[in-house]
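K.L.:
Predicted coordinates and the sequence they were generated for:
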Amino acid sequence: MSKRPVRHSISLSFAEQGLRKLFSNSEITELTPIITGFANSIFAFKKDGAAFVLRMPPAMTSSLVREAELTNALFRMGLPVPRVLEYDATYQNPLGHPFMIMERLEGVNFSDEIVDSLSESGMKRLFREVAEVLYRVHRVDATGLKVTKFPTLQSFLNAGLQNIKRFATLRQMKNFEVFGRWFQQNSPSEETYNKAFIHNDFHPFNLLVSDGRLSGILDWNDAIVGEAQVDVALFSLTTEAYGYPALANEFISAYKETSGLSLGEIDFYTTALAIQKFIQISLQERQMKETGQLEKAELMGLLRSRLERNLAKIIEENTELNVYGFQ
């Protein structure tokens, strides 16, 4: 079997040619690249006037099928996710490359513009809605869903630490064992496990907002059964790291009130995620440059200094460790 190409950056013409083959009896218009999405090439387009999104991973991956089926299962449950219309994880299709096509939801990614456009009361209402919908996600019965399920908190924590170590190794980070010891010494006890179906990458860029309301949750590739506080911690962490600590606290309070959970271990999960993201950001920017994803690399570069500075501050406040000493 011939080796298939890895396409980190798929051209507009390649996507257009494939869509016209796939939908030979339809009119394809307004095909436009969307630069968000780390490894995937993403395009907005219209088919006979209806709005859709085409997502193409760099290479064939079995996770595409799992994510498409999971997203449609969540759609049928009434959660605000896009309905997947077509997908193929192989190269034997009219596009000549693995792809997923889903309905395009109304709204834009959570951003500074969203924050600036809403009043204080409007932002509180939006963050409360995000908390309420996240709690609905956490109450999903994952029995029949094809996701990794961690039966114990220890198994979940071990997987998390190994993931952080992997990023640290790729970045050639010095003295990572200091963070490893902090992680192990401060890990929550088994009885605190809030086992739930979680998004596992719940941050502002994976949310859509329309007219001040939450309109969609995207990117379910990393969904698992694990600790519910991780979703709360990542959203509050990234909100704070983008420069909105008051809104981060507002979100935590709203989730506590909605769920009835104490979130007693939230500081641990926030700090562990801050360490992971601090290590990960420069790796993502470097990979984007090396694979020709220059627009995405430019966007990541603009975010990097802002995020790294605030992540470092959060880590140092919670661990008393200076992360810049381990570069």
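P.N.:
Arrived safely. Residues are numbered from 1 along each chain as shown.
K.L.:
Name the nearest residue to the most centrally placed residue in the chain, sequence neighbours excluded.
P.N.:
Most central in the chain under C-alpha atoms, centre = their mean is Asp201, positioned 3.5 Å from the mean C-alpha point. Nearest-residue entry for Asp201: Asp222, 4.7 Å, with adjacent residues in sequence omitted and distances by C-beta to C-beta, 6 or more residues apart in numbering. (C-beta placed from N, C-alpha, C; glycine too.)
K.L.:
helix/strand/coil for the one you found?
P.N.:
coil (DSSP: H, G, I helix; E, B strand; the rest coil).
K.L.:
next one: Leu161
P.N.:
helix.
K.L.:
you'd agree it is up against Phe183?
P.N.:
Yes. At 5.5 Å, Leu161 counts as touching Phe183 under the criterion of C-beta atoms under 8 Å.
K.L.:
and the residue nearest to the centre of the chain, helix, strand or coil?
P.N.:
coil.
K.L.:
List the residues that contact it.
P.N.:
Residues near Asp201 by C-beta atoms under 8 Å, 6 or more residues apart in numbering: 219, 221-222, 234.
K.L.:
And the strands in the stretch 101-250 of the chain?
P.N.:
For the stretch 101-250 of the chain, applying DSSP state E, counting those that start in this stretch gives strands covering 108-109, 148-149, 195-198, 207-210, 213-217, 224-227.
K.L.:
I'd like to know which of those is closest to His138.
P.N.:
strand 195-198 (4.1 Å; C-beta to C-beta).
K.L.:
Parallel or antiparallel, list what pairs with the closest one.
P.N.:
With DSSP bridges as the test, strand 195-198 is paired with strand 224-227 (antiparallel).
K.L.:
what about the spatially closest residue to Leu126 that is not a sequence neighbour, neighbour count?
P.N.:
In space, and not counting its chain neighbours, Leu126 is closest to Gly212: 5.9 Å by C-beta to C-beta, 6+ apart. For Gly212, the neighbour count with other C-beta atoms under 10 Å is 15.
K.L.:
gap between Gly212 and Gln280?
P.N.:
Counting by C-beta to C-beta, to the nearest Å, the separation of Gly212 from Gln280 is 31 Å.
K.L.:
Then Arg213?
P.N.:
From Arg213 to Gln280 the distance is 30 Å (C-beta to C-beta).
K.L.:
Where does pLDDT dip in the stretch 151-300 of the chain?
P.N.:
Residue ranges of the stretch 151-300 of the chain with pLDDT under 70: 296.
K.L.:
can you rerun that using 80?
P.N.:
Counting by pLDDT under 80, the low-confidence segments of the stretch 151-300 of the chain come to 174-175, 284-285, 287-300.
K.L.:
And the helices in it?
P.N.:
Remark: helices assigned in the stretch 151-300 of the chain by DSSP state H, counting those that start in this stretch are 153-170, 177-186, 229-241, 245-259, 266-290, 294-319.
K.L.:
The stretch 1-150 of the chain too?
P.N.:
Under DSSP H, counting those that start in this stretch, the stretch 1-150 of the chain gives helices at 12-22, 63-76, 112-117, 120-138.
K.L.:
what comes into contact with the first one?
P.N.:
Looking back up the chat, that one is helix 12-22. Against helix 12-22 from outside (C-beta under 8 Å, 6+ apart): 7, 28, 31, 33, 41, 43, 45, 47, 54, 56, 86, 93-97, 99.
K.L.:
now do 7 Å
P.N.:
28, 31, 33, 43, 45, 54, 94-97 (C-beta atoms under 7 Å, 6 or more residues apart in numbering).
K.L.:
Farthest-apart pair in the residues you listed, please.
P.N.:
Top of the distance list for the contacts of helix 12-22 (C-beta to C-beta): Pro33 and Pro94, 19.8 Å.
K.L.:
The residue nearest to Asn186 when sequence neighbours are not counted: how many residues sit nearby?
P.N.:
Excluding the flanking residues, the one nearest Asn186 by C-beta to C-beta, 6+ apart is Phe268, at 5.5 Å. Using other C-beta under 10 Å, Phe268 has 19 other residues around it.
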